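>>> the sequence and its predicted three-dimensional model are supplied below.
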Amino acid sequence: MTPARVTFLGTGTSAGVPVVGCTCEVCRSPDPRDKRLRPSIFLEVPGRAAILVDTTPDLRQQALTHDIRRLDAILFTHSHADHIMGLDDVRGFNFAQKAAIPCFATAEVWESLRRIFYYAFDGLPRKGGGVPRLETHTIDGPFDVAGVRVVPVPLLHGDAPILGFRFGGLAYLTDCSAIPDASWPLVAGVDTLVIDALRDTKHATHFTVAEALEAIARIAPRRAYLTHMAHQLGHAATNARLPAGVELAYDGLVIETSVEAA
Ligand SMILES: [Zn+2]
Ligand SMILES: [Zn+2]
Ligand SMILES: [Zn+2]
């Protein structure tokens with residue numbers, strides 16, 4: 001195993017927190033941990049890899065806040081707006097690195113990306129600001145990127161099949177309401193688990209806190225972090241009622257972990 005570091009770039013649900021127009025207690029909270037951008041992590045292996053998971057609508061701000069200046073790869077979990085709409089901001093990395101950025105997604109996600117960001121794929125000459133330059137890789141099983149072994153973990157997000165990712169000691173399972181039978185072995189023995197926990201009340205496409213805790217108990221990692229939280233979950237109050245070894249993630253949280261070298 002190789003030491004690695006994960007930065008939580010965003011830990012909010014699709015609307016972010018505060019929610020536009022909302023005056024609830026959490027949306028008005030002065031606690032910086034109650035400010036949640038859209039969900040994404042940045043995985044770094046010093047001297048080896050800088051990997052971004054998802055390009056949220058907040059990507060520009062996330063990159064500036066955390067001084068992210070190069071990307072070896074981008075992995076996509078699925079094509080919902082809160083996970084892809086910052087794709088155009090990849091232009092900054094293209095410019096800085098003078099290269100296309102390798103991007104990994106399922107064939108289904110590529111179909112959506114090609115439709116939504118048609119101008120990046122149609123090959124037509126365009127004057128002005130340019131288009132994001134992406135090296136397209138289709139995920140159809142475990143793969144290696146920038147010297148890191150990546151194991152896709154199929155999840156169910158409502159009816160939609162999407163992907164989580166395992167990197168050695170870490171598994172990142174955002175946006176899920178069920179873990180298929182065949183996926184439990186893929187996350188067995190993980191040291192650090194990051195998992196979706198939207199709110200306390202039942203939702204069609206996301207785990208509740210209680211459902212996330214059930215999954216955590218079954219996987220039994222050394223520690224677990226909840227992510228993709230809605231504004232019903234205030235940081236301090238929610239954290240105080242979680243069992244030992246489980247915490248709410250928050251934007252800017254950095255954790256040390258390990259990955260499997262490829
Ligand atoms: Zn989402
Ligand atoms: Zn609110
Ligand atoms: Zn989603």
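Looks like it came in fine. Numbers count the residues shown, from 1 in each chain. Ligands and ions are numbered 1, 2, ... in the order given.
>>> okay, CA-based contacts and neighbour counts for the rest of this
Noted.
>>> pull out the buried positions in stretch 204-214.
T205, H206, F207, T208, V209, E211, A212, L213 (16 or more other CA atoms under 10 Å).
>>> ok, those vs D122, which is closest?
Distances from D122 to the buried residues of stretch 204-214, taken as CA to CA, are shortest for T205 (32.7 Å).
>>> my guess is that closest one meets H157, correct?
Yes - T205 is within contact range of H157, at 4.9 Å (criterion: CA atoms under 8 Å).
>>> quick check: neighbours shared by those two?
Taking CA atoms under 8 Å, 6 or more residues apart in numbering as the contact rule, T205 and H157 both touch D175, C176, S177.
>>> from these, which land in strands?
Residues of the shared contacts of T205 and H157 located in strands (DSSP state E): none.
>>> which one among those gets closest to ligand 2?
Ligand 2 has its nearest neighbour among the shared contacts of T205 and H157 in D175, at 20.0 Å by CA to the ion.
>>> quick check: that closest one touching T205?
Yes - using CA under 8 Å, D175 is in contact with T205, at 7.3 Å.
>>> quick check: neighbours shared by those two?
Contacts common to D175 and T205, judged by CA under 8 Å, 6+ apart, are H157.
>>> for this protein, which spans come out with low pLDDT?
Within the chain, the set of residues satisfying pLDDT under 70 comprises 129.
>>> is the most centrally placed residue in it bridged to anything, and to what?
Using CA atoms, centre = their mean, the residue of the chain that lies closest to the mean C-alpha position is S40, 3.4 Å off. Beta bridges link S40 to G10, judged by DSSP bridges.
>>> contacts only, for it.
By CA under 8 Å, 6+ apart, the neighbours of S40 are F8, L9, G10, T11, L52, V53, D54, T55, T56, H83.
>>> what distance do you get for it to L52?
Between S40 and L52 the computed distance is 7 Å (CA to CA, to the nearest Å).
>>> which residues of the stretch 101-250 of the chain lie near ligand 2?
Neighbours of ligand 2 within the stretch 101-250 of the chain, by CA under 5 Å from the ion: H231.
>>> single out the residue in the stretch 101-250 of the chain that lies closest to ligand 2.
When scored by CA to the ion, the stretch 101-250 of the chain has H231 as its residue closest to ligand 2, at 4.9 Å.
>>> got the contact list for that residue?
Contacts of H231 by CA under 8 Å, 6+ apart are V17, P18, V19, V26, C27, R199.
>>> tell me the SS of it?
Of the three states, H231 takes coil under DSSP: H, G, I helix; E, B strand; the rest coil.
>>> now the helices for the stretch 101-250 of the chain?
107-116, 209-219, 235-240 (DSSP state H, counting those that start in this stretch).
>>> buried deepest among the ones you listed, which one?
Neighbour counts (mean count of other CA atoms under 10 Å) averaged over each of these peak at helix 209-219, with a mean of 17.
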